[in-house]
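Trainee: I would like to see how this sequence folds:
(one chain, ligands or ions: 1)
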Amino acid sequence: MRYFVITGHKAVTTGDFKLDDIAGGAGRLDILVRCVNSAFFLSHDLRKDVEIYLVLEGGEAAPKTVVFKGSELRYLNPDERSTASLIRNALLKPVKQGEEVRSSPGVYVTKMSFYDVLDLLAQKGEFVYLKEDGIDCRDYTFPENPIFVLGDNRDLTEEEEAALVSHSPDKICIGPHSLHADHCMIIVHNEADRKSV
Ligand SMILES: C[S@@+](CC[C@H](N)C(=O)[O-])C[C@H]1O[C@@H](n2cnc3c(N)ncnc32)[C@H](O)[C@@H]1O
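Mentor: Numbering: from 1, shown residues only. I've put the predicted structure just below:
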């Protein structure tokens, strides 16, 4: 399995945003939508061995985490608007602390915070922090079940980074430039594919 955790520092947690405004009023939800695309899409297939945890930290209902599970996913299309619609449908579902509510096949909403997500995933694999000052991913042996953690248009906050560090992640860099989160995901998938993880 491969897991991705991405923090949407301003991303909305209620479903009352307009699909035409995901880069504005929805708190840069467009970044997370593109990350969903990068997590799953191959040319003519979907990666079934991937889960992505979108940690939404904006608005009054924060935090919420929307989870996409490749093994169960249906109705995921490459366009941003329909993926944003899947997230909006998840956010419209009532959810209580400790619950995981399914909004469509393979899409779930929870009240988990970034810290809850780290605690949950700690039992499932090994954390790999994507960061510009990490070791070169080409010198790195990927673990069997990597849990890749990255920021949206901002890096993790100091508190988030400290919580991640407490789980002793490996820290890897994927190239000489600071890249968009969704582009990082494609590259790290490719590097892991080449090493046949
Ligand atoms: C758009 S960047 C965040 C802001 C960026 N650090 C800056 O200073 O402009 C989004 C995230 O992608 C990851 N990232 C970007 N470039 C990377 C690289 N070369 N190697 C590893 N991770 C990278 C980091 O997790 C970063 O928080």
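Trainee: which ones are touching Ser113?
Mentor: Val55, Pro63, Thr65 (Cβ atoms under 8 Å, 6 or more residues apart in numbering). For glycine as for every other residue, the C-beta is placed from the backbone atoms N, C-alpha and C.
Trainee: residue furthest from the geometric center of this structure?
Mentor: Within the chain, Asp139 marks the point farthest from the mean C-alpha position, 24.2 Å out by Cα atoms, centre = their mean.
Trainee: Now the residue of the chain at minimum distance from the ligand. Nearest residue, chain neighbours left out?
Mentor: Going by Cβ to the nearest ligand atom, the ligand is nearest to Gly151 of the chain, at 2.8 Å. In this structure, Gly151 finds its nearest non-sequential neighbour in Thr7, 6.0 Å apart by Cβ to Cβ, 6 or more residues apart in numbering.
Trainee: Give me the residues contacting the strand or helix carrying that neighbour.
Mentor: For Thr7, the element it lies in under DSSP states H and E is strand 2-8. Residues outside strand 2-8 that contact it (Cβ under 8 Å, 6+ apart): 27-29, 31-32, 35, 39, 47, 49-58, 114, 117-118, 121, 124-125, 145-152, 156, 160, 181, 185, 189, 192, 197.
Trainee: For Arg2, grab the count of nearby residues.
Mentor: The local packing of Arg2 (other Cβ atoms under 10 Å) involves 24 other residues.
Trainee: Same question for the one 5 residues further on.
Mentor: Thr7: 27 surrounding residues under other Cβ under 10 Å.
Trainee: Contacts for stretch 28-35 next, please.
Mentor: With contact meaning Cβ under 8 Å, 6+ apart, stretch 28-35 is reached by 4, 6, 8, 10-12, 17, 22-23, 52, 54, 56, 80, 83-84, 87, 152-153, 180-182, 185.
Trainee: Apply the buried test to those and list what passes.
Mentor: By neighbour count, with 16 or more other Cβ atoms under 10 Å, these hold 4, 6, 8, 10-12, 17, 22, 52, 54, 56, 80, 83-84, 87, 152, 181-182, 185 as buried.
Trainee: So which of those sit within helices?
Mentor: Residues of those located in helices (DSSP state H): Glu80, Thr83, Ala84, Ile87, Ala181, Asp182, Met185.
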